[in-house]
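Q: Return a 3D structure for these sequence lines:
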Amino acid sequence: MKKLLLLAVHSSPFLVGIVLSYFFWQSTLALLAIYLLAVFLVIATGQDGRTELVIFVYGMVAGTVVELWGTAISGYQMWVATDPGLTIPYWLIVSWGYGFVLMKRIGLIVGTGSPWVSRS
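A: Just a heads-up that it's a prediction; the model follows:
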């Protein structure tokens, strides 16, 4: 039961992001600001700040490559509201980074019962 509660708590920013995307999808810069603030608050209040920051940046880079490949190179998808210089909205890059951090936390919760890397 404790694992389910932890999964729900640590997944809640993701669910809030889905709701915010619904309301602010036409304002990509507002979504970017909201997502950046939320992600940095989530990472700052955790116990693995440095590790999660590295994971976040890696996720942003990987997500950008995937999204640019899908929009600009292969053309299998397109976004209606993009930002200058890219074929994707900026907030999507932040979402990818947070997705990687969330997967780290989910993996640790399922495997160890805690979202934090143990320090010995």
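Q: Chain neighbours aside, what residue packs nearest to the spatially most central residue of the chain?
A: With distances taken as C-alpha atoms, centre = their mean, the chain has Tyr98 as the residue nearest its mean C-alpha position (2.0 Å). In this structure, Tyr98 finds its nearest non-sequential neighbour in Val39, 4.9 Å apart by C-beta to C-beta, 6 or more residues apart in numbering. (C-beta placed from N, C-alpha, C; glycine too.)
Q: measure the residue nearest to the centre of the chain to Met1 for me?
A: Here Tyr98 is placed at a distance of 26 Å from Met1 (C-beta to C-beta, to the nearest Å).
Q: Which SSE is immediately downstream of the least confident helix or strand in the chain by mean pLDDT?
A: In the chain, the helix or strand scored least confidently by mean pLDDT, DSSP states H and E is helix 2-24, which has a mean of 87. Using DSSP states H and E, the helix or strand that follows helix 2-24 in sequence is helix 28-44.
Q: Could you list the buried residues of that following helix?
A: Using 16 or more other C-beta atoms under 10 Å as the test for burial, helix 28-44 gives 28, 31-32, 34-35, 38-39, 42-43.
Q: Same list, those residues, but as a markdown table with pLDDT please.
A: Supplementary listing: the buried residues of helix 28-44 in a markdown table, determined by pLDDT from 0 to 100:
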| residue | pLDDT |
| --- | --- |
| Thr28 | 85 |
| Leu31 | 90 |
| Leu32 | 92 |
| Ile34 | 91 |
| Tyr35 | 92 |
| Ala38 | 91 |
| Val39 | 93 |
| Val42 | 92 |
| Ile43 | 94 |
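Q: quick check, nearest of these to Ile73?
A: Closest approach between the buried residues of helix 28-44 and Ile73, by C-beta to C-beta: Thr28, at 21.4 Å.
Q: So for the one helix or strand Gly97 maps to, what gets flagged as buried?
A: Assigned by DSSP H and E, Gly97 belongs to helix 90-112. If you call a residue buried by 16+ other C-beta under 10 Å, then helix 90-112 has these buried ones: 90-102, 104-106, 108-109.
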